[in-house]
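S.K.: how would this look folded up:
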Amino acid sequence: MLTCKEFLHELSDYLDESLDAEVRAKLERHITECPNCWVIADTTRKTIQIYKGTERYQIPADVESRLMNALEKKMAAKR
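M.R.: Next up, the predicted model:
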């Protein structure tokens with residue numbers, strides 16, 4: 001049986017429908033048996049649908065700069 005960790009590892013490809021039929025069937029069987037993974041898959045799918053239906057919003061340059069600096073510091077701290 002597929003583990004939740006394995007399911008989450010394949011979630012993106014599952015939602016993109018880019019998996020072969022055998023792997024997709026295993027994932028679908030898992031989400032019918034695991035309510036937690038079903039919620040994650042369903043919520044992620046709905047979030048993607050909402051996001052695709054929105055227009056792009058340009059964030060202000062100062063916000064982008066602060067965000068990028070924070071991300072760079074976070075990544076440097078992990079090294």
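S.K.: For the rest of this, base every contact and every neighbour count on C-alpha atoms.
M.R.: Fine.
S.K.: Flag every buried residue along the helix or strand that Leu11 is a member of.
M.R.: Here Leu11 sits within helix 4-16, counting by DSSP states H and E. Of all the residues in helix 4-16, those buried under the rule 16 or more other Cα atoms under 10 Å are 7, 10-11, 14.
S.K.: which among these gets closest to Arg66?
M.R.: Looking at these and their distance to Arg66, the nearest is Leu11, at 30.7 Å (Cα to Cα).
S.K.: so that closest one sits right up against Ala41, yeah?
M.R.: Yes - contact status for Leu11 versus Ala41: in contact at 7.1 Å, counting by Cα atoms under 8 Å.
S.K.: if we can go back for a sec, residues touching the helix holding Leu11, excluding its own?
M.R.: With contact meaning Cα atoms under 8 Å, 6 or more residues apart in numbering, helix 4-16 is reached by 19, 24, 27, 30, 37, 41, 45.
S.K.: Kindly calculate the angle that the next helix or strand after that helix makes with helix 4-16.
M.R.: Heading C-terminal from helix 4-16, the first helix or strand you meet, by DSSP H and E, is helix 21-33. Orientation check (axes from the mean of the first three to the mean of the last three Cα atoms, to 10 degrees): helix 21-33 against helix 4-16 gives 120 degrees.
S.K.: and helix 21-33, what's its mean pLDDT?
M.R.: The predicted model gives helix 21-33 an average pLDDT of 95.
S.K.: From the chain's centroid, how far away is that helix?
M.R.: 17 Å (Cα atoms, centre = their mean, to the nearest Å).
S.K.: Tell me the helix or strand right after it.
M.R.: Taking DSSP H and E as the definition, the helix or strand that follows helix 21-33 towards the C-terminus is helix 35-52.
S.K.: what comes up buried for that following helix?
M.R.: Under 16+ other Cα under 10 Å, the buried positions of helix 35-52 are 37-38, 41, 45.
S.K.: and that helix, what does it pack onto?
M.R.: Helices and strands in packing contact with helix 35-52 are listed as helix 4-16, helix 21-33; criterion 3 or more Cα pairs under 8 Å, 6 or more residues apart in numbering; DSSP states H and E.
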